[in-house]
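Chemist: Sequence unavailable; structure follows:
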């Protein structure tokens, strides 16, 4: 009986993979999967009606509360950088430093974007900064394909250290009896390496793709400001370091993510003159940016809350899946990381190797066997989800926007990005094996 129910669970899993890859609504898909897996587990006697009521559909979203707060604060911080003019100033300085060299200017712009998104989060921040960066890149003569790829990959490079996304992943990769992964010094060491590898990857892509471009004059790049914004002065160098403050003090002093963001916001307001404008001015900018930040991640939070329902239901289904899945799981950690590295492309289109899609079911099945600790599973899954899905996948909201803004085809976008990103994902999986699993 239990074997038959386990087979039914696997059938629904493969149907869900197909549904996700075809672009189905994931929020509703996860809700249906939560119902199906809870119902099958109820038939198999591994869950009670009380568990379904309290543990899955009530407890799932409730336990995600702390992670949701981290996501909101990260999105708010992104809006602060935009509203205070900090992001605009840093971008303008990067253009000035690039001079008449298109490749150098694109590289500097991409590095600036990466620095910003080590802390900033949310599609709103990505779009607001993108509408400044894209006209500059395109005016330099780079192709639309390269502009979209460089910007998307620059955003993705920062996410290895972005606490909003890291907390989101850690809060997602939890089953009923699993400890939550703690973002600490081990991860920051790997995250720093991952940022460096990601930056090197897009630098190589930019240099190869711009090798035939002629020099341009600095005046060929349009101003980063238009209209009323043209009268806004550059912020000081002290304000310009704001994007790296939260990550820096979190690593150096062990300050938690939300206090680190609050410190950075106060710093930004002080060095951009808002503190001197009075209490009402401070209140207005805080209210506006917080409102916009929450709106930016509203749909993301909805998806993640429904995902928690499914993750919880999967935790109860593990007893039914274990007799089928355990014998076929790799008994070598190196083989597991190798498989994820070689087949990282399966994270595309919300496939079975991204936790932001059908990979949530993959994680539930593997983690549910109780063979591998979360300290190993977290980097294993986070790498494919970040290197492929959030970095360049056409189903990721900000990548969809970048493709639409530059008016390129998905095929051209993937042809530009995949030759560079797939080797990067493989390299990072191998590095992660030696840092997390081989020790």
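Modeler: In hand now; what should we look at? Not measured: the values here are computed from a predicted model.

Chemist: which residues of the stretch 251-400 of the chain fall in helices?
Modeler: Under the criterion DSSP state H, counting those that start in this stretch, helices of the stretch 251-400 of the chain are mapped to 257-271, 279-296, 298-325, 333-342, 359-367, 374-384, 391-392, 397-406.

Chemist: what mean pLDDT would you report for the shortest one?
Modeler: Spelled out, that is helix 391-392. Averaged over helix 391-392, pLDDT sits at 90.

Chemist: Out of the helices of the stretch 251-400 of the chain, flag the one nearest residue 5.
Modeler: When the helices of the stretch 251-400 of the chain are compared by C-beta to C-beta, helix 298-325 sits nearest residue 5, at 4.9 Å. Just so you know, the C-beta spots here come from the backbone N, C-alpha and C atoms, and that holds for glycine as well.

Chemist: Please identify the helix or strand for residue 248.
Modeler: helix 245-253 (DSSP states H and E).

Chemist: on that earlier part again, so which of the helices of the stretch 251-400 of the chain is the most packed in?
Modeler: helix 391-392 (a mean of 26; mean count of other C-beta atoms under 10 Å).

Chemist: tell me what it is packed against?
Modeler: helix 144-158, helix 410-432 (3 or more C-beta pairs under 8 Å, 6 or more residues apart in numbering; DSSP states H and E).

Chemist: and the shortest one, what does it pack onto?
Modeler: Packed against helix 144-158 by the contact rule (3+ C-beta pairs under 8 Å, 6+ apart) you find helix 102-116, helix 123-139, helix 185-209, helix 391-392, helix 397-406, helix 410-432.

Chemist: buried stuff in whatever helix or strand comes next after the longest one?
Modeler: By that I understand helix 185-209. As assigned by DSSP H and E, the chain's next helix or strand after helix 185-209 is helix 237-240. Neighbour counts using 16 or more other C-beta atoms under 10 Å place 239-240 of helix 237-240 among the buried residues.

Chemist: tell me the average confidence for helix 237-240?
Modeler: 86.

Chemist: Give me the contacts around it.
Modeler: Helix 237-240 is contacted by residues 84, 86, 89-90, 93, 267-268, 271-272 when judged by C-beta atoms under 8 Å, 6 or more residues apart in numbering.

Chemist: mind running it again at 6 Å?
Modeler: 86, 89-90, 271-272 (C-beta atoms under 6 Å, 6 or more residues apart in numbering).

Chemist: Residue 418: which of these is nearest?
Modeler: For the contacts of helix 237-240, the nearest to residue 418 is residue 90 (29.4 Å; C-beta to C-beta).

Chemist: quick one: contacts for that closest one?
Modeler: 112, 240.

Chemist: ok now the one helix or strand it maps to, how far from the chain's centre?
Modeler: Assigning secondary structure by DSSP H and E places residue 90 in helix 86-98. In terms of C-alpha atoms, centre = their mean, to the nearest Å, the centre of helix 86-98 is found 24 Å from the chain centre.

Chemist: same thing with stretch 430-439?
Modeler: 22 Å.

Chemist: Nearest residue to residue 408 in space, ignoring adjacent ones along the chain?
Modeler: residue 144 (5.0 Å; C-beta to C-beta, 6 or more residues apart in numbering).

Chemist: The helix or strand where residue 37 lies versus helix 359-367: what angle between them?
Modeler: Per DSSP H and E, residue 37 falls inside helix 26-44. With axes from the mean of the first three to the mean of the last three C-alpha atoms, to 10 degrees applied, the angle from helix 26-44 to helix 359-367 works out at 30 degrees.

Chemist: Give the buried residues for helix 26-44.
Modeler: 26, 29-38, 40-42, 44.

Chemist: of all the residues you listed, which comes closest to residue 67?
Modeler: Nearest member of those to residue 67, counting by C-beta to C-beta, is residue 30, at 16.0 Å.

Chemist: any idea how far that closest one is from residue 166?
Modeler: 21 Å (C-beta to C-beta, to the nearest Å).

Chemist: Any figure for the gap between the residue lying closest to residue 402 once chain neighbours are set aside and residue 156?
Modeler: Excluding the flanking residues, the one nearest residue 402 by C-beta to C-beta, 6+ apart is residue 148, at 4.6 Å. Per C-beta to C-beta, residue 148 is found 12 Å from residue 156.

Chemist: Can you pick out the residue with more neighbours from those two?
Modeler: Set residue 148 next to residue 156 and count neighbours by other C-beta atoms under 10 Å: residue 156 wins out with 31 against 28.

Chemist: thinking again about what came up before, quick check, the residue nearest to residue 408 in contact with residue 406.
Modeler: Yes. Counting by C-beta atoms under 6 Å, residue 144 does reach residue 406; the two are 4.2 Å apart.

Chemist: who's in contact with residue 179?
Modeler: Counting by C-beta under 6 Å, 6+ apart, residue 179 has contacts residue 374.

Chemist: On the three-state scheme, it is what?
Modeler: Under the three-state scheme (DSSP: H, G, I helix; E, B strand; the rest coil), residue 179 adopts coil.

Chemist: Give me the neighbour count for residue 437.
Modeler: 18.

Chemist: how close does the nearest residue to it once chain neighbours are set aside sit to residue 184?
Modeler: Nearest non-adjacent residue to residue 437, counting by C-beta to C-beta, 6+ apart: residue 333, 4.3 Å away. In this structure, residue 333 and residue 184 are 21 Å apart, going by C-beta to C-beta.
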